[in-house]
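Colleague: here is my input, please return the structure:
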Amino acid sequence: EWKMRKLKYHEYKLLKKVDFLQWKKENALRQTKVVRRYHVQNPEDYHKYNKLVGAITQLTHKLTALPPADKVRVRRTEELLVKLYDMGVIPTKKNLEQCAKVTVSAF
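Modeller: Now for the predicted structure:
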């Protein structure tokens, strides 16, 4: 018969924060595929690229929420399109729809 000792208070509090049913590694299948396919040297780079894509997508949605004739929207849209085009992330500097569809593999 195996019996476990009673948990100390701090051990109990720590265990409440851990979810043993959902591990972080389970959702890493897509990350692993992209890292292998594009020969990313450091898996942390994938995480950085993913954060960049999220920031680009978020900025794109904020820009599309502005009125089309707004001077700030026009200027920032042009800056974003030029920067992404110069980096080689988007094929043309046509419109914001391309920025919304940027993926990690574009880098």
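Colleague: Arg30: which element?
Modeller: The secondary structure element spanning Arg30 is helix 29-37 (assigned by DSSP states H and E).
Colleague: contacts only, for the nearest residue to Ile56 once chain neighbours are set aside.
Modeller: If the residues on either side of it in the chain are set aside, Ile56 comes closest to Val102, at 5.3 Å by C-beta to C-beta, 6 or more residues apart in numbering. Backbone N, C-alpha and C define where each C-beta goes, glycine included. Contacts of Val102 were listed using C-beta atoms under 8 Å, 6 or more residues apart in numbering, and they are 53, 56-57, 84, 89-90.
Colleague: tell me where the model's unsure across the chain.
Modeller: Low-confidence regions of the chain, defined here as pLDDT under 70, cover residues 19-27.
Colleague: just say helix, strand or coil for the residue nearest the centre of it.
Modeller: When C-alpha atoms, centre = their mean is applied to the chain, the residue found nearest the centroid is Asn50 (3.1 Å). At Asn50, secondary structure determined by DSSP: H, G, I helix; E, B strand; the rest coil is helix.
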